[in-house]
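K.L.:
when you get a sec, could you give me coordinates for this:
(chains A and B)
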There are 2 protein chains.
Amino acid sequence: MSTIKIIYFDLDGGRAEPIRLALSIANTEFEDKRISFPEFGELKSTLPLGAVPVAEIDGETYTQCNALNRYFGKQAGLYPDDAWQAFLCDEVMDIIEDASNAMGKTMGLQGDALKAAREELASGKLASILRLLNKRLEDAGSEYFADSKLTMADLKMLELLGTLTSGFFDHIPTDIVQKQAPLLVTHMQKVMSDQGVSAYYQKRSQ
Amino acid sequence: MSTIKIIYFDLDGGRAEPIRLALSIANTEFEDKRISFPEFGELKSTLPLGAVPVAEIDGETYTQCNALNRYFGKQAGLYPDDAWQAFLCDEVMDIIEDASNAMGKTMGLQGDALKAAREELASGKLASILRLLNKRLEDAGSEYFADSKLTMADLKMLELLGTLTSGFFDHIPTDIVQKQAPLLVTHMQKVMSDQGVSAYYQKRSQ
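P.N.:
Residues are numbered from 1 along each chain as shown, chains lettered A, B, ... in the order given. Predicted coordinates for the structure are as follows:
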């Protein structure tokens, strides 16, 4: 048995959320180390790439959330065996990373510069990303992104939808998902009502 | 048989290079569509996310180079079956994307702003990335990144090393790899002398 510690911000969302969900669904014991932003500031210089999430596995620190999603997803039965279905799952996960990176680039801007950057993002790259995700979901049958069942791609979507609909990003309209990718709204309801997912959040809320 | 077209810049390197190599090593027929920068400008608005590489497979356009690396890598016997070895391969591929994204952010800057951004990158994020890659290679036995044989992670390294040692990026010292990650230099020689890789470049040079 490996000892596993996942280090990330104290949010029920973001880049670590699919990893936490996969580990929980697989009933794998792990330390869910949640840190504050000041704690991250202190820890940053000790992290391999100065970023979270990281996974400490048997004492070594590993990076890259989608690589970790894939690894823990396989253990949870949430990753396709079929190479093409695995591609569809992978493409969606990396498209969402594209969105997160694009949103990350606007962090730190202020005032008019922030407003301009966010509005350009919302009508440009983010709109393209949402439309592509909507198309991929539709092409796959409108229920799940790959394998006709819940996979890590569906859980990764929680990361994007949670961020976009929460109003966390000023100047990104909170109805952007509804307008650009309506299938993602019903998809998210389906994911949240999955037995493993809902059991996890029920436990979290206790 | 699928029809496959890979669209990317006319470079023997960059984000499409591991895909082209995997397809060639697997003897898979594909159209290697190489475009100029002006042609990219014309094509950009028709691409799903306004970026290359993309793969047209049976008429549909797919994105995300590492997802494509994994899919075509499996067909070429260049991707590990074992979940942990697959993780090691995946982590390296995504670390290299981190580096490419960080370098991409400095494109378009000019003069002193470019110099300052590139110097900060070289001594900061890029140095951290190279040291981590050096460590991962050493931990895996110093020859290959995963599976004790050539995988897509090794081919992906061509993308990073080619860029860093070519002098393409002003203000990034061309000896940065030698200084921060000396194992990557001998690793690159090993990859280039691989039978499939060297056969591909021999054919390209004809």
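
K.L.:
by mean pLDDT, flag the weakest helix or strand of chain A.
P.N.:
helix A:152-165 (a mean of 93; mean pLDDT, DSSP states H and E).

K.L.:
is it anywhere near chain B?
P.N.:
No: contact of helix A:152-165 with chain B (Cβ under 8 Å from any Cβ of the partner chain) is absent, the minimum separation being 10.5 Å. Every C-beta, even on glycine, is put in place using the N, C-alpha and C of the backbone.

K.L.:
can you check stretch A:26-39 too?
P.N.:
No: in terms of Cβ under 8 Å from any Cβ, no part of stretch A:26-39 sits within range of chain B; the closest distance is 12.2 Å.

K.L.:
for that stretch, measure first residue to last.
P.N.:
Counting by Cα to Cα, to the nearest Å, you get 29 Å between the two ends of stretch A:26-39.

K.L.:
re earlier: can you name every helix or strand that the least confident helix or strand of chain A contacts?
P.N.:
Helix A:152-165 is packed against helix A:17-25, helix A:65-75, helix A:83-104, helix A:176-180, helix A:182-192, with contacts defined by 3 or more Cβ pairs under 8 Å, 6 or more residues apart in numbering or on different chains; DSSP states H and E.

K.L.:
at 10 Å what do you get?
P.N.:
Packed against helix A:152-165 by the contact rule (3 or more Cβ pairs under 10 Å, 6 or more residues apart in numbering or on different chains; DSSP states H and E) you find helix A:17-25, helix A:65-75, helix A:83-104, helix A:125-139, helix A:176-180, helix A:182-192, helix A:195-204.

K.L.:
and stretch A:114-129, average pLDDT?
P.N.:
Averaged across stretch A:114-129, pLDDT comes to 96.

K.L.:
hmm, back to that, including distance to residue A:49 and mean neighbour count, could the helices and strands packed on helix A:152-165 go into TSV?
P.N.:
Shown next, in TSV, are these (distance: least, Cβ to Cβ, whole Å; neighbours: other Cβ atoms under 10 Å in any protein chain shown):
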stretch	distance to residue A:49	mean neighbour count
helix A:17-25	16	24
helix A:65-75	12	25
helix A:83-104	14	21
helix A:125-139	23	19
helix A:176-180	30	17
helix A:182-192	29	15
helix A:195-204	28	13
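
K.L.:
redo the ones you listed as CSV? Include distance to residue B:90.
P.N.:
Output for those, formatted as CSV (distance: least, Cβ to Cβ, whole Å):
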stretch, distance to residue B:90
helix A:17-25, 13
helix A:65-75, 4
helix A:83-104, 9
helix A:125-139, 21
helix A:176-180, 28
helix A:182-192, 23
helix A:195-204, 23
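
K.L.:
what's the distance between the least confident helix or strand of chain A and the middle of its chain?
P.N.:
The chain centroid and the centroid of helix A:152-165 are separated by 5 Å under Cα atoms, centre = their mean, to the nearest Å.

K.L.:
run the angle between it and helix A:83-104 for me.
P.N.:
Interaxial angle of helix A:152-165 relative to helix A:83-104 (axes from the mean of the first three to the mean of the last three Cα atoms, to 10 degrees): 20 degrees.

K.L.:
pretty sure residue A:185 contacts residue A:174?
P.N.:
No: with contact defined as Cβ atoms under 10 Å, residue A:185 does not count as touching residue A:174 (11.9 Å).

K.L.:
who touches both of those two?
P.N.:
residue A:165 (Cβ atoms under 10 Å, 6 or more residues apart in numbering or on different chains).

K.L.:
mind listing what the residue nearest to residue A:48 when sequence neighbours are not counted touches?
P.N.:
Computed as Cβ to Cβ, 6 or more residues apart in numbering or on different chains, the closest residue to residue A:48 that is not its neighbour in sequence is residue B:132, at 4.9 Å. Counting by Cβ under 10 Å, 6+ apart, residue B:132 makes contact with A:48, A:49, A:61, A:62, A:63, B:91, B:92, B:95, B:98, B:180, B:181.

K.L.:
mind checking pLDDT for residue B:132?
P.N.:
Model confidence at residue B:132, given as pLDDT, is 98.

K.L.:
quick one: it from residue A:62, how far?
P.N.:
Separation of residue B:132 from residue A:62 (Cβ to Cβ, to the nearest Å) stands at 10 Å.

K.L.:
which residues do those two both contact?
P.N.:
Listed as contacting both residue B:132 and residue A:62 by Cβ under 10 Å, 6+ apart are A:48, B:91.

K.L.:
how is chain A carved up into domains?
P.N.:
Using automatic domain parsing, the domain ranges for chain A come out as A:4-77, A:83-194.

K.L.:
what would the ones you listed look like in TSV with distance to residue B:145?
P.N.:
What follows is the domains of chain A, written out as TSV (distance: least, Cβ to Cβ, whole Å):
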stretch	distance to residue B:145
domain A:4-77	12
domain A:83-194	18
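
K.L.:
give me the element the residue at the greatest distance from the centre of chain A is part of.
P.N.:
Here chain A reaches farthest from its C-alpha mean at residue A:112, the gap being 28.5 Å by Cα atoms, centre = their mean. In the assignment (DSSP states H and E), residue A:112 maps to helix A:111-123.

K.L.:
pull out the buried residues from that helix.
P.N.:
For helix A:111-123, the neighbour count (16 or more other Cβ atoms under 10 Å in any protein chain shown) marks A:114, A:117, A:118, A:121, A:122 as buried.

K.L.:
could you do stretch A:156-175 as well?
P.N.:
A:156-165, A:169, A:172-173.

K.L.:
centre of the chain to that stretch, how far?
P.N.:
11 Å.

K.L.:
now the terminal residues of it, how far apart.
P.N.:
Chord length of stretch A:156-175, first to last residue, is 20 Å (Cα to Cα).

K.L.:
likewise stretch A:120-131?
P.N.:
Terminal-residue distance, stretch A:120-131 (Cα to Cα): 16 Å.

K.L.:
what does that stretch contact?
P.N.:
Residues contacting stretch A:120-131 (Cβ under 10 Å, 6+ apart): A:95-96, A:98-99, A:101-103, A:105-106, A:118, A:160-161, A:164, A:169, A:171-173, A:176-182, A:184, B:45, B:47-51, B:63.
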